[in-house]
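[1] sequence and predicted structure, then a few things I'm wondering about:
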Amino acid sequence: MVNKPIKKWRSGNMEAAVWLNEKENNGQKIEFKTASLTRSWKKKDEDIWRHDVVNLRRMDVPKALLLLQKVQEELFLSPDPEKEEEEE
């Protein structure tokens with residue numbers, strides 16, 4: 001049986017998905033959800049799609065969001081040294 005995501009969203013070459021997983025603990029089946037974030041791209045001279053995947057558990061999501069917010073602030077709110085050189 002192939003495990004398929006229960007929900008997924010796409011934006012350009014990025015995809016997020018939520019998965020329903022199960023494991024056995026003390027003889028009982030336990031279900032839990034995880035998430036994956038995938039970035040796809042094609043290499044210039046090849047006709048093969050490549051994929052980077054990050055798998056996240058529930059408690060990883062707030063940490064990832066916080067880190068991505070900091071990255072966004074740095075990329076969009078800090079001066080870009082390359083642009084400053086072009087303007088001079």
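    It's in. Numbers count the residues shown, from 1 in each chain.

[2] which non-adjacent residue is nearest the residue nearest the centre of the chain?
    Ranked by distance to the mean C-alpha position of the chain (Cα atoms, centre = their mean), the top residue is residue 37 at 2.4 Å. Excluding the flanking residues, the one nearest residue 37 by Cβ to Cβ, 6 or more residues apart in numbering is residue 54, at 4.7 Å. Every residue, glycine included, has its C-beta placed from N, CA and C.

[3] next up, the contacts around the residue nearest to the centre of the chain.
    14, 15, 16, 53, 54, 56, 64 (Cβ atoms under 8 Å, 6 or more residues apart in numbering).

[4] so how far is residue 30 from it?
    24 Å (Cβ to Cβ, to the nearest Å).

[5] re earlier: from the contacts of residue 37, which is closest to residue 25?
    Closest to residue 25 out of those is residue 56 (20.7 Å), distances taken as Cβ to Cβ.

[6] report pLDDT for the closest one.
    Confidence at residue 56, expressed as pLDDT, is 96.

[7] go ahead and confirm it touches residue 36.
    Yes. Using Cβ atoms under 8 Å, residue 56 is in contact with residue 36, at 7.1 Å.

[8] hey, where'd the helices end up in this structure?
    Under the criterion DSSP state H, helices of the chain are mapped to 60-77, 81-87.

[9] let me know how buried the residue nearest to residue 37 is, in neighbour terms.
    Residues lying near residue 54 (other Cβ atoms under 10 Å) number 12.

[10] ok, now how distant is it from residue 62?
    15 Å.

[11] and for residue 20?
    20 Å.

[12] could you dump stretch 69-79 to CSV, C-alpha only?
    Output of stretch 69-79 as CSV, limited to C-alpha atoms (Å, rounded to 0.1, in the frame of the first residue of the first chain):
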residue,chain,number,x,y,z
GLN,A,69,10.2,34.4,9.6
LYS,A,70,13.7,35.4,10.6
VAL,A,71,15.0,34.4,7.2
GLN,A,72,12.3,36.5,5.5
GLU,A,73,13.2,39.5,7.7
GLU,A,74,16.8,39.2,6.8
LEU,A,75,16.2,38.8,3.1
PHE,A,76,13.6,41.6,2.7
LEU,A,77,14.2,44.1,5.5
SER,A,78,18.0,44.2,5.6
PRO,A,79,19.9,46.2,3.0
